[in-house]
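Asks: The following comprises the amino acid sequence and a computationally predicted model.
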Amino acid sequence: MTIDSGAQAIHSDEYADLGAVAQAVAKGMLLGARGNSGVILSRIFSGIARGLQGSRTCDLKTLCHAFELGVDEAYRAVSVPVEGTILTVYKDAVRYAAEKLSGSSSAQSYFYDFTQELKRSLDRTPELLAVLKESGVVDSGGAGFIYIAEGMRRAVEGEAFEGEEEPQAAQKAVDVSLFTEDSVLDFGYCTEFLLRLQRAKTDIDSFDFPAFIDYLNSVGESVVAFRDGSIVKAHVHTMHPGQVLEYCQNYGEFLTLKIENMTLQHNESEVENRFSAPAPKPHKRYGIVSVAAGDGIKTTFYSLGVDWVIEGGQSMNPSAEDFVRAFREINADTILVFPNNGNVILTAKQAAELYDKAEIRIIPTKTVGEGYAAISMLDTSSGDTEQIIAEQREIIESVVTGAVSKASRNATMNGVNVVLGDYISFVGDDVYADEKTANAAAVALADKLGAGDYDIMLILCGRDTADGQRQALEAELKQRFRRTEVILIDGGQPIYDYIIVFE
């Protein structure tokens, strides 16, 4: 998704040199970055773009230097770099290819050396990161980068792409019965377009983009707009798309245009997550953004006072643009962000760097349990942001979050024999039990973590757990741990049958 965001940012008819193309790709990847590896990847390309800035073309020496700047940029993006990840794989390959560079080198030989060392370095990642070695796998981010590098190598060698083109998703039929003659347009129209500014209509160099955004905000909401040279990309929810289109044509003509009835989308239960948040609230000192997957969990967060819940979680990494969109919707001086997944924290930080209309502070919650505990005990009455964040960190440290999920392969982890298809319970990377049922795995986890020593045991039930199954688990846990309050919530989350929060 990150690399595709870069590719989608390129408009081949408007770039005069390599440096401009590189800048466009880097910008697109910056906004589309998802997950730690995606953010690091976007930083790699940002460094490469910096090295190619102003270059119409480049020789191997320039390219090699640009790739080295990619290493520097990637390592600066991570507060605590972890070796054995995409960082190491890319760094090793850049240094090896540079060492092999000679007067007889060609682009083909450079990329051959580069890709070969990528593969060797990837094979070494389990020796650098214990969790990879124990799991018997290599780093996924590094493995993904190899595909990108192979694409580079094939391009410089002039190799034709022989694979199948990615099939386009079939156009879904519109169920017109969901918006009848008596329906009311409650949600307006989702209007998106690319507008090419025209010299015959406006002075492109002095085009007042802030005023353009102000107009969109005056006739709609959920405005997201970016300018890239003479092209303006915009998204707005409005009751009157005709007004928007007529206004825009004062400055240029449309390259692409999409208008969708959001009331129809809502009735189909397909409306995007950003439309499910409560109506914008008046200006306040602090706003809250949280990340979660599962309708029950999102509803719970809203009930705790969260202003905006971004859809995301394990295997569902939100993009930096998703965060920026959420920031735009909150009218607050300071916005506290709860990523609730270790793989989302870096994306949240990158989004914070992109947004300057409010102070963005990241509370480094790595699990939904940490986010729930922190938000439920959030006290902003002091008005002292540093004190608030310090208190939140203390709360996070006192919470243990476990989970139960079906095993996807056979393995031995922490001395536990994991069998494909069984249910495992774990905390972070540590597996505690392998059982035949999800309930048995949950009980085993509670036993091994000493649930009786905690005041509260919060159980977030996944979307695939049946009512009877949940009730049986609740009864057994209450019987075993009489002094601990057991609370069940229909979380509706994917992947995990149960998320168990010990407080």
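Replies: That came through fine.

Asks: any idea how far the closest residue in space to E435 that isn't next to it in sequence lies from S425?
Replies: Nearest residue to E435, sequence neighbours excluded (CB to CB, 6 or more residues apart in numbering): A441, at 4.2 Å. For every residue, glycine as well, the C-beta is placed using N, CA and C. Going from A441 to S425 by CB to CB, to the nearest Å gives 4 Å.

Asks: Could you tell me which residues touch both of the two?
Replies: Listed as contacting both A441 and S425 by CB atoms under 8 Å, 6 or more residues apart in numbering are 404, 433, 435.

Asks: among the residues you listed, who's most crowded?
Replies: Of the shared contacts of A441 and S425, V404 is surrounded by the most neighbours, 29 neighbours in total, counting by other CB atoms under 10 Å.

Asks: Just to check, that one is in contact with I495?
Replies: No. With contact defined as CB atoms under 8 Å, V404 does not reach I495; the gap is 10.3 Å.

Asks: Look up the closest residue to the residue nearest the centre of the chain, ignoring the ones flanking it.
Replies: By CA atoms, centre = their mean, the chain has its centre lying nearest to P318, at 2.4 Å. Spatially, and ignoring its direct neighbours in sequence, P318 is nearest to G312 (3.8 Å; CB to CB, 6+ apart).

Asks: How about C248?
Replies: L195 (5.3 Å).

Asks: Which residues outside whichever strand or helix holds the one you found are in contact with it?
Replies: L195 is part of strand 189-197, with elements assigned from DSSP states H and E. When contacts are defined by CB under 8 Å, 6+ apart, strand 189-197 is touched by residues 204, 207, 220, 230-239, 241, 244-245, 248, 251-262, 265.

Asks: what about the helices in the stretch 201-350 of the chain?
Replies: 209-219, 241-248, 262-267, 295-303, 320-329, 345-354 (DSSP state H, counting those that start in this stretch).

Asks: what's the answer for the stretch 401-503 of the chain, then?
Replies: Ranges of helices within the stretch 401-503 of the chain are 438-448, 467-480, based on DSSP H, counting those that start in this stretch.

Asks: Of the ones you listed, flag the one that's most buried.
Replies: Burial of those is given as mean neighbour count (mean count of other CB atoms under 10 Å); helix 438-448 ranks first at a mean of 22.

Asks: Could you tell me the angle between it and helix 467-480?
Replies: Here helix 438-448 runs at an angle of 20 degrees relative to helix 467-480 (axes from the mean of the first three to the mean of the last three CA atoms, to 10 degrees).

Asks: just checking, what packs against helix 438-448?
Replies: Helix 438-448 sits against strand 400-406, strand 423-427, strand 430-435, helix 467-480, strand 498-502, with contacts defined as 3 or more CB pairs under 8 Å, 6 or more residues apart in numbering; DSSP states H and E.

Asks: Throw these into TSV and include mean pLDDT and distance to I363, thanks.
Replies: Output for those, formatted as TSV (pLDDT from 0 to 100; distance: least, CB to CB, whole Å):
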stretch	mean pLDDT	distance to I363
strand 400-406	93	15
strand 423-427	94	20
strand 430-435	93	23
helix 467-480	92	29
strand 498-502	93	16
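
Asks: quick one, phi psi at the spatially closest residue to A9 that is not a sequence neighbour?
Replies: The shortest distance from A9 to any non-neighbouring residue, by CB to CB, 6+ apart, is to G28 (2.6 Å). Here is the backbone geometry of G28 (degrees, to the nearest 10): phi -60, psi -40.

Asks: Break this structure into its domains for me.
Replies: Taking automatic domain parsing as the domain assignment, the ranges for the chain are 2-156, 188-267, 274-396, 400-502.

Asks: Reformat the ones you listed as JSON lines; add distance to E181.
Replies: Shown next, in JSON lines, are the domains of the chain (distance: least, CB to CB, whole Å):
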{"stretch": "domain 2-156", "distance to E181": "39"}
{"stretch": "domain 188-267", "distance to E181": "14"}
{"stretch": "domain 274-396", "distance to E181": "24"}
{"stretch": "domain 400-502", "distance to E181": "34"}
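
Asks: For the helix ranked longest in the chain, buried residues please.
Replies: When the chain is parsed with DSSP state H, its longest helix is helix 107-128. For helix 107-128, the buried set under the neighbour-count rule, 16 or more other CB atoms under 10 Å, comprises 107, 109-119, 121-122, 124-126.

Asks: State the number of residues packed around G229.
Replies: Close neighbours of G229, defined as other CB under 10 Å, add up to 13.

Asks: roughly how far apart are it and E192?
Replies: Distance, G229 to E192, by CB to CB: 19 Å.

Asks: on that earlier part again, now the strand holding L195: mean pLDDT?
Replies: In this model, strand 189-197 carries a mean pLDDT of 86.

Asks: Pull out the CA atoms of it and give them to me as CSV.
Replies: Provided in CSV are the C-alpha atoms of strand 189-197 (Å, rounded to 0.1, in the frame of the first residue of the first chain):
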residue,chain,number,x,y,z
TYR,A,189,-22.4,13.5,-1.2
CYS,A,190,-18.9,12.3,-1.0
THR,A,191,-17.2,14.4,-3.6
GLU,A,192,-13.6,13.7,-4.8
PHE,A,193,-11.7,15.1,-7.7
LEU,A,194,-8.4,16.0,-9.3
LEU,A,195,-8.5,19.6,-10.7
ARG,A,196,-5.9,20.8,-13.2
LEU,A,197,-5.4,24.5,-12.7
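
Asks: show me what contacts the residue nearest to V400 when sequence neighbours are not counted?
Replies: Excluding its sequence neighbours, the residue lying closest to V400 (CB to CB, 6+ apart) is F502, at 4.3 Å. Shown in contact with F502 (CB under 8 Å, 6+ apart): 369, 399-402, 449, 451, 454, 456-457.

Asks: What helix or strand is the closest residue to G144 other than its chain neighbours located in?
Replies: Leaving aside its sequence neighbours, G144 sits nearest to S37 (CB to CB, 6+ apart; 6.5 Å). S37 is part of helix 35-52 when elements are defined by DSSP H and E.

Asks: elements contacting that helix?
Replies: Short answer (3+ CB pairs under 8 Å, 6+ apart): helix 35-52 packs on helix 2-8, helix 18-32, helix 60-77, helix 86-99, helix 140-156, helix 345-354.

Asks: re earlier: could I have the ChimeraX command that selects the buried members from the contacts of strand 189-197?
Replies: Applying 16+ other CB under 10 Å to the contacts of strand 189-197 leaves a buried subset, and the ChimeraX line that selects it is:
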select :207,220,230,232,233,234,235,236,237,238,241,244,245,248,251,252,261,262,265
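
Asks: if you look at the contacts of strand 189-197, which of them are in strands?
Replies: 220, 231-238, 252-261 (DSSP state E).

Asks: what ranges of this protein fall below the confidence cut-off?
Replies: Along the chain, the parts satisfying pLDDT under 70 run over 11-16, 79-80, 160-176, 222-226, 228, 264-281, 314-315.

Asks: before we move on, the earlier item: right, and the domains of the chain - which one's nearest F179?
Replies: Closest to F179 of the domains of the chain is domain 188-267 (CB to CB; 4.8 Å).
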